[in-house]
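Colleague: What follows is a predicted protein model with its sequence.
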Amino acid sequence: MPYGLAPITVSSRPFFSVGSDKLYLGFITLEDTCMNITRRWVSGIAIVLLMLVASVSVVFGQDARGRWDIVSVDFAASPVTVSAGGVAAALANDGSIIKLTGSGTFTAFDPTDVTGGGTWETSGPVGTARGTYAVTELVQFEEAPGTPNPANIDNIGDPADAHAGLVVLRIAYSDGSRGILVVSCGLTGTPNTVFEGVTASKDFVDFWQRVPAVPGIATNRTLFHVQ
């Protein structure tokens with residue numbers, strides 16, 4: 001072995017250097033370099049995530065609000081008018097029916113920032129009962145393609161804010177039961193995969209089959225307004 005060179009082991013691997021101090025310092029420099037690279041990667045990822053969040057906030061707005069309505073459409077009026085205060089229904093597996101009225105608001109970035117509710121009434125094998133319900137939480141909202149008929153009169157909000165879409169809400173019934181309310185709206189140009197109307201659950205009963213809207217009939221219709 002050449003004079004002045006001595007083997008030492010770092011992390012179970014043999015190295016040779018003139019003076020262990022120099023090797024030790026070299027090892028620390030390598031470790032520091034790795035740590036610096038790691039910190040830079042973490043910082044870079046954090047900055048990218050913040051930019052993405054900021055971009056979403058700019059596009060949608062932290063305070064962007066949506067309104068859902070079970071609407072009533074007056075086809076006898078000229079022009080046709082769309083107003084709040086409609087009725088929609090859905091069927092359970094045994095033919096039991098639930099009828100609902102309602103409206104409310106939600107904020108896209110705060111699931112608990114919700115308002116609204118309505119009335120409910122069940123009949124059929126499930127039994128006859130009625131009461132009110134309140135929305136407690138937003139589960140999901142998705143806007144869908146589609147535009148309202150420009151000839152219609154919108155008595156709810158700005159026609160420019162009217163949208164098709166799907167909202168899923170947690171609700172609390174006045175008799176102590178809980179459930180999910182699904183409000184779905186299709187407009188002109190909305191894909192046929194989107195249904196018009198509502199479905200709901202109440203405890204273990206799922207009123208999964210919506211009663212479809214019938215041309216010329218005011219019931220089983222919905223609408224969203226999103227700002």
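Modeller: Thanks, I have it.
Colleague: Helices of the chain, residue ranges please.
Modeller: With DSSP state H, the ranges of helices along the chain come out as 20-60.
Colleague: can you point me to the longest strand in this structure?
Modeller: Taking residue count as the measure and DSSP state E as the definition, the longest strand of the chain comes out as strand 129-144.
Colleague: what mean pLDDT does that one have?
Modeller: The predicted model assigns strand 129-144 a mean pLDDT of 97.
Colleague: Any idea how far that strand is from the middle of the chain?
Modeller: Mean C-alpha position of strand 129-144 versus that of the full chain (CA atoms, centre = their mean, to the nearest Å) differs by 12 Å.
Colleague: List the neighbouring strands of that strand plus their orientation.
Modeller: Its sheet considered, strand 129-144 pairs with strand 110-123 (antiparallel), strand 162-173 (antiparallel) by DSSP bridges.
Colleague: can I get the ones you listed in TSV with mean neighbour count?
Modeller: Heads up, the C-betas are built off the backbone N, CA and C, glycines and all. Formatted as TSV, these follow (neighbours: other CB atoms under 10 Å):
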stretch	mean neighbour count
strand 110-123	17
strand 162-173	21
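Colleague: Figure out which of the ones you listed is closest to residue 147.
Modeller: strand 162-173 (7.8 Å; CB to CB).
Colleague: what's the model's confidence in that closest one, averaged?
Modeller: 98.
Colleague: Who does residue 171 form a beta bridge with?
Modeller: Beta-bridge partners recorded for residue 171 (DSSP bridges): residue 135, residue 179.
Colleague: where's it relative to residue 146, distance?
Modeller: 25 Å (CB to CB, to the nearest Å).
Colleague: Pretty sure residue 208 sits against residue 94.
Modeller: No - using CB atoms under 8 Å, residue 208 is not in contact with residue 94, being 11.5 Å away.
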